[in-house]
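Engineer: Quick one, fold the following:
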Amino acid sequence: MGPIVLLVLGLSCLLLFSIWRQNSGRRKLLPGPTPFPIIGNILQLDNKDITQSLINLSKVYGPMFTLYLGMKPTVVLYGYEAVKEALIGHGKDFSGRGSFPLAEKVRKGLGIVFSNGHRWKEMRRFTIMTLQNFVMGKRNIEERVQGEACCLVEELRKTKDSPCDPTFITGGAPCNVICSIIFQNRFDSKD
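Structural biologist: This is a model prediction of the structure:
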């Protein structure tokens, strides 16, 4: 056999395997448009107006349907009732987070940002408890934000109604609130 025949045979086997894999997984999922092998439903979505594409698909398949983005199935919820049923009625099933395979491989599931499942819940609980204990008995965060807002107004008054770019001034305000919580010290707006 020639190399071209082997290449065509290999590609057709890959295509058949892809179709078989998508079809075997589709039986357990919600109905949706038939995906193309390997690329999924990407061609059925309008890149310029994805929202309208999803609205049109919801009219055909109902408020809950499955789309394939590549070979990865994605469940789409459209409308208030569908989202309410999913998050309130089946909150335990939808409480997980998406996975980031590259980040999981590098960080081994550790950390707050990329962790998942039970570890994420424990890290979140610990972080919230630590932040609450850190601020407890000290000035309230609301007071710090109000104080920084007064400083922000003063800095804007110093411009004397002349045109200015407030990006640096307004960008420093949230940083000063965070610094006053963590370091117990705010920085001057020119610093």
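Engineer: where exactly do the strands run in this protein?
Structural biologist: 64-69, 72-77 (DSSP state E).
Engineer: And Phe36, how close does it get to Gly62?
Structural biologist: 22 Å (C-beta to C-beta, to the nearest Å). Any C-beta I mention is one placed from the backbone N, CA and C, and that applies to glycine too.
Engineer: Same question for Phe114.
Structural biologist: 33 Å.
Engineer: out of the two, which sits in the more crowded spot?
Structural biologist: More neighbours surround Phe114 than the other of Phe114 and Gly62, with 18 against 14 (other C-beta atoms under 10 Å).
Engineer: Verify the stated contact: the more buried one with Arg107.
Structural biologist: Yes. Assessed by C-beta atoms under 8 Å, Phe114 is found in contact with Arg107 at 5.4 Å.
Engineer: so where's this structure uncertain?
Structural biologist: Within the chain, the ranges that satisfy pLDDT under 70 run 1, 19-27, 96-99, 109, 112, 134-139.
Engineer: Can you give the domain ranges for it?
Structural biologist: 22-95, 96-137, 139-182 (automatic domain parsing).
Engineer: In JSON lines: these, plus distance to Ser189.
Structural biologist: Below are the domains of the chain laid out as JSON lines (distance: least, C-beta to C-beta, whole Å):
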{"stretch": "domain 22-95", "distance to Ser189": "40"}
{"stretch": "domain 96-137", "distance to Ser189": "24"}
{"stretch": "domain 139-182", "distance to Ser189": "5"}
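Engineer: and of the ones you listed, who's closest to Val8?
Structural biologist: Val8 sits nearest to domain 22-95 of all the domains of the chain, at 15.5 Å, using C-beta to C-beta.
Engineer: what's the first-to-last distance across stretch 155-175?
Structural biologist: For stretch 155-175, the separation between the terminal residues is 15 Å (C-alpha to C-alpha, to the nearest Å).
Engineer: If anything else comes up later, I'll come back, but that's it for now.
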